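Peer 1: Just the structure for this:
(4 chains)
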Number of protein chains: 2
Amino acid sequence: MSIQPLIAHFESYIPLKESEKQLLDGRVTQRQIKRKQAILQEGFPCRHYTFIVEGCFRMYAIDKKGTEHNLQFSAEQDWIADIGSFHAGRPSALFIEAIEPAVVLQIEKQDLYFLYTNIPKLDRIFKVIVENKYVELQNRVLQSISSTAQERYLTFLDQYPKLALRLPNTQIASYLGITPEFLSKIRKDIAS
Amino acid sequence: MSIQPLIAHFESYIPLKESEKQLLDGRVTQRQIKRKQAILQEGFPCRHYTFIVEGCFRMYAIDKKGTEHNLQFSAEQDWIADIGSFHAGRPSALFIEAIEPAVVLQIEKQDLYFLYTNIPKLDRIFKVIVENKYVELQNRVLQSISSTAQERYLTFLDQYPKLALRLPNTQIASYLGITPEFLSKIRKDIAS
DNA sequence: AAATAAGCTTAAACTAGGTTAAGTCCGACG
DNA sequence: CGTCGGACTTAACCTAGTTTAAGCTTATTT
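Peer 2: Take a look at the predicted model:
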């Protein structure tokens, strides 16, 4: 059990002192997740910030009609959590599920708050992480109000080429906000 | 010229010491902005974090066809900036423009970085601010991939009732990712 | 190895939303 | 005081994306 990947991740932003690394140990839990296993389910509060060491997750919501909508994919060296639910302790409206078998490092709320207090630079690091994720999401919103489905698909391929190979098209369609059938048509059009 | 509204804003998260408030003074600039005046234009780096004391702004992009797309509205006690461009110093793809005459408090990059270093709790405060904005944006993405235009319009009215009264419908349509004509049709359907 | 489920594609009929164009109703400005 | 441009609407026609349903292929489970 090693929290090394997490330390490396933090240090890609700001180097940590030995004493700070030691604080991390014991506040971080490693877990193995099976394919299709959920680490968050609608109706339950999100209890962890999850850092992905290996594997791939999707975050999705289910609407009244029972259709799933993928909000986000996350893979190695990335975080996944329902931030709103996590901090407020409120029941989440979202699911988080492994698409591939995965290894993750998880931090519980009380531990994260302890770490924020005792390693002040973590405030800075997570500020930057969330800022970057904010910019990414903003670009996605811009695309969604200004581009056709085909343009959005091409952007997705361009932006996440590795992910696109690992994911079934059904999941990609759900992420783009279109039906699998229509994605199929788009792919046909592009090919010709 | 008072930075009091900004101090009050920060203190709604964490109280500041007198010495910290003094550091803010001199690093924050007040400006009056006229209706339709731009504080950021495509092609220029975003030089300021802008805190709105009074008035209302929109952030938008212009696509190849020349159509404007509103990404975001911000009003009193809210921030507006192209975060990506601000930190990277890269030319922005966005415009930020006053919808109403406005009073703002602006912080330049070097000053913000100085403040982050000398008032460590600002890292925490901005982390929380960006987290909240991230959650908001995530909800918007979810809506955009899962709801019809009518549902999105009703949610907008529900979520920003005051803003809805201050904004021309043209601007709201652009924010929702639909044409003004179609919004008009939606409004007619809702009324009946 | 068989059974079953999950994923991809095609196609026809349909609906949400866009386009074009014309007309009305202001508020801004000379 | 007139007129000019911006904001809102209506309506006819058009297109991007959905629905339903079927058939085919590739994984996963037993």
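
Peer 1: For the residue nearest to A:Y134 when sequence neighbours are not counted, give its distance to B:R152.
Peer 2: Using Cβ to Cβ, 6 or more residues apart in numbering or on different chains and skipping the chain neighbours, the partner closest in space to A:Y134 is B:Y134 (5.1 Å). C-beta coordinates here come from the backbone N, C-alpha and C atoms, glycine included. B:Y134 is 19 Å from B:R152, where distance means Cβ to Cβ, to the nearest Å.

Peer 1: so which strand or helix has the residue nearest to A:Y134?
Peer 2: Applying DSSP states H and E as the criterion places B:Y134 in helix B:121-146.

Peer 1: And for A:Q72?
Peer 2: Assigned by DSSP H and E, A:Q72 falls in strand A:68-74.

Peer 1: show me where pLDDT drops low in chain A?
Peer 2: By pLDDT under 70, the low-scoring segments of chain A are A:1.

Peer 1: got the residues of it near DNA strand C?
Peer 2: Contact residues (Cβ under 7 Å from any atom of the strand) of chain A with DNA strand C: A:P168, A:N169, A:T170, A:Q171, A:P180, A:E181, A:L183, A:S184, A:K185, A:R187, A:K188.

Peer 1: Can you give me the neighbour number for the residue nearest to A:Y134?
Peer 2: 19 (other Cβ atoms under 10 Å in any protein chain shown).

Peer 1: do A:Y116 as well
Peer 2: 17.

Peer 1: what does the host helix or strand of it rub up against?
Peer 2: Assignment of secondary structure by DSSP H and E places A:Y116 within helix A:109-118. The contact list for helix A:109-118 (Cβ atoms under 8 Å, 6 or more residues apart in numbering or on different chains) reads A:20, A:23-24, A:27-28, A:47-49, A:86-87, A:89, A:107, A:122-123, A:126, B:124.

Peer 1: which one of those is nearest DNA strand C?
Peer 2: A:H48 (25.0 Å; Cβ to the nearest atom of the strand).

Peer 1: Contacts only, for the nearest residue to that closest one once chain neighbours are set aside.
Peer 2: If the residues on either side of it in the chain are set aside, A:H48 comes closest to A:Q106, at 4.0 Å by Cβ to Cβ, 6+ apart. A:Q106 is in contact with A:V28, A:T29, A:Q30, A:R31, A:H48, A:Y49, A:T50, A:F51, counting by Cβ under 8 Å, 6+ apart.

Peer 1: Can you give me the buried ones in stretch A:15-28?
Peer 2: A:L16, A:E20, A:K21, A:L23, A:L24, A:R27, A:V28 (16 or more other Cβ atoms under 10 Å in any protein chain shown).

Peer 1: How about that stretch and chain B, any contact?
Peer 2: No. On the criterion Cβ under 8 Å from any Cβ of the partner chain, stretch A:15-28 is out of touch with chain B, staying 14.7 Å away.

Peer 1: in chain A, which spans are helices?
Peer 2: With helices called from DSSP state H, chain A shows them at A:4-11, A:18-24, A:83-88, A:109-118, A:121-146, A:149-159, A:161-166, A:169-176, A:180-191.

Peer 1: What is the third one packed up against?
Peer 2: Okay, so that is helix A:83-88. Applying 3 or more Cβ pairs under 8 Å, 6 or more residues apart in numbering or on different chains; DSSP states H and E, we find helix A:83-88 packed against helix B:121-146.

Peer 1: at 10 Å instead, please
Peer 2: Packing partners of helix A:83-88 (3 or more Cβ pairs under 10 Å, 6 or more residues apart in numbering or on different chains; DSSP states H and E): strand A:48-54, helix A:109-118, helix B:121-146.

Peer 1: Could you list the buried residues of that helix?
Peer 2: Applying 16+ other Cβ under 10 Å to helix A:83-88 flags A:I83, A:G84, A:S85, A:F86, A:H87 as buried.

Peer 1: Enumerate every residue touching the third one.
Peer 2: Taking Cβ atoms under 10 Å, 6 or more residues apart in numbering or on different chains as the contact definition, A:S85 lies against A:L40, A:F44, A:P45, A:C46, A:R47, A:P91, A:S92, A:A93, A:L94, B:V135.

Peer 1: Quick one: buried ones out of those?
Peer 2: A:L40, A:C46, A:R47, A:S92, A:L94, B:V135.
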